[in-house]
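In: structure here, sequence nowhere to be found:
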């Protein structure tokens, strides 16, 4: 997303489409449902990361360090803050919003902000350049080079920090585990309590996307069993 413009699109009459997992009856046709722009807001500069939605608000960070909270219904600006950009002023800000707070990460800093006024609740300096971010279940998972780090989302205290020797490209938190995708075509399954690697799976090509299914993780061009990392299928 660029040019500092943030648009909210809603599907018009989307309820008429029916459940997404039900195929139309044979011989019937459905007209495509178009999206309509409800509002557009100016947030100053280019937006490199996807905005987050939480509690009726939209949170977006631009390339110059401004983080903006907007009303989901109207697009009205509700609050704005600035993230210290340091020397590298074009490094994207990662944004994650949960009911407990807004979490921002850029460079070597991770910050938790109040959802309403965007004031800083805590800030943690991880010492190395940040790569990616995930928040769930009161935990915050992030990466630097060459570490993967778990923090307590409430306090910002580091729970564990493990050296993995690669750059993080994607992270995901489960109930009692964490998943880490690297720039070396590998996916690691980490114990959430200890941070120890339980298994490693390798993809045929570079990929940063991770997605969970029933008992599996989808990574690269394959599906791998969560219990041991064995390949269920690859293409």
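Out: Yep, that arrived. Please read all numbers here as calculations on a predicted model, not as lab measurements. Residues are numbered from 1 along each chain as shown.
In: contacts and neighbour counts: CA atoms only from here.
Out: Will do.
In: list the buried residues of stretch 110-118.
Out: The neighbour-count check on stretch 110-118 (16 or more other CA atoms under 10 Å) flags 110-113, 115, 118 as buried.
In: what distance separates the start and the end of stretch 178-195?
Out: 8 Å (CA to CA, to the nearest Å).
In: ok now that stretch, how far from the chain's centre?
Out: 16 Å (CA atoms, centre = their mean, to the nearest Å).
In: can you give the contact residues for that stretch?
Out: Stretch 178-195 is contacted from outside by 141, 148, 160-162, 166-173, 176-177, 196-210, 219, 226, 229, using CA atoms under 8 Å, 6 or more residues apart in numbering.
In: by mean pLDDT, which helix or strand of the protein comes out lowest?
Out: None of the helices or strands of the chain scores lower by mean pLDDT, DSSP states H and E than strand 5-11, at a mean of 56.
In: next SSE after it?
Out: With elements assigned by DSSP states H and E, the helix or strand that comes after strand 5-11 is strand 35-42.
In: just list what that next one packs against, helices and strands only.
Out: If contacts are counted by 3 or more CA pairs under 8 Å, 6 or more residues apart in numbering; DSSP states H and E, strand 35-42 sits against strand 5-11.
In: ok so, going back, quick check: the farthest pair among the buried residues of stretch 110-118?
Out: The most widely separated members of the buried residues of stretch 110-118 are 110 and 115, with 15.5 Å between them, by CA to CA.
In: let me have the buried residues of stretch 110-118 in JSON lines, adding pLDDT, secondary structure and distance to residue 214 as columns.
Out: Below are the buried residues of stretch 110-118 laid out as JSON lines (pLDDT from 0 to 100; DSSP: H, G, I helix; E, B strand; the rest coil; distance: CA to CA, whole Å):
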{"residue": "110", "pLDDT": "91", "secondary structure": "strand", "distance to residue 214": "31"}
{"residue": "111", "pLDDT": "93", "secondary structure": "strand", "distance to residue 214": "32"}
{"residue": "112", "pLDDT": "96", "secondary structure": "strand", "distance to residue 214": "31"}
{"residue": "113", "pLDDT": "96", "secondary structure": "strand", "distance to residue 214": "33"}
{"residue": "115", "pLDDT": "97", "secondary structure": "coil", "distance to residue 214": "32"}
{"residue": "118", "pLDDT": "96", "secondary structure": "coil", "distance to residue 214": "36"}
